[in-house]
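*Asks:* Build me a model:
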Amino acid sequence: MGIRVTWDNEAKTVIRFDFDTTWTWSDFSAAIMEGRVLMKTVSHNVHSLLNLPTGMTMPGGNALSNLQRIIRTMPPNMGISVIAN
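*Replies:* Residues are numbered from 1 along each chain as shown. Predicted coordinates for the structure are as follows:
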């Protein structure tokens, strides 16, 4: 499955990313794109909750490069991101 993307509340101020224990950078990119689509439906700031399961491992590849690419292209209404375990 990879990563599920949903609104975390009815006010649409938080997008929740629920990670499986196994995911790929391709899954991550697709989830971020899905989150961007949701963010564009509202004009207020939207925060992100990245819910990481116990026992999850990072996929291979350059994490910093993947994260930098995504950060550079975030919508203007992107708020803060919180990582929870």
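*Asks:* tell me the SS of Ile71?
*Replies:* What DSSP: H, G, I helix; E, B strand; the rest coil gives for Ile71 is helix.
*Asks:* Quick check: His47 touching Met74?
*Replies:* No - with contacts counted by CB atoms under 8 Å, His47 stays clear of Met74, the gap being 11.9 Å. (Glycine included, C-beta is placed from N, CA and C.)
*Asks:* Tell me which helix or strand comes right after the lowest-mean-pLDDT helix or strand in the chain.
*Replies:* Within the chain, confidence by mean pLDDT, DSSP states H and E is lowest for helix 63-72 among all helices and strands, at a mean of 85. Downstream of helix 63-72, the next assigned helix or strand under DSSP states H and E is strand 78-84.
*Asks:* And the next helix or strand past the longest helix along the chain?
*Replies:* Assignment by DSSP state H gives helix 25-39 as the longest helix of the chain. If you walk from helix 25-39 toward the C-terminus, the next helix or strand you reach (DSSP H and E) is strand 46-51.
*Asks:* And that following strand, what does it pack against?
*Replies:* Contacts defined by 3 or more CB pairs under 8 Å, 6 or more residues apart in numbering; DSSP states H and E place strand 46-51 against strand 14-19, helix 25-39, strand 78-84.
*Asks:* low-scoring stretches of this protein, by residue?
*Replies:* Per-residue confidence of the chain (counting by pLDDT under 70) places the weak regions at 1.
*Asks:* sorry, back to before: give me the residues contacting the least confident helix or strand of the chain.
*Replies:* Outside helix 63-72, the residues that touch it by CB atoms under 8 Å, 6 or more residues apart in numbering are 25, 28-29, 32.
*Asks:* for the nearest residue to Val14 once chain neighbours are set aside, what are its contacts?
*Replies:* Excluding its sequence neighbours, the residue lying closest to Val14 (CB to CB, 6 or more residues apart in numbering) is Asp8, at 3.9 Å. In this structure, Asp8 makes contact with 14-16, 49, judged by CB under 8 Å, 6+ apart.
*Asks:* which among those gets closest to Leu38?
*Replies:* Among the contacts of Asp8, Ile15 lies closest to Leu38 (CB to CB), at 5.6 Å.
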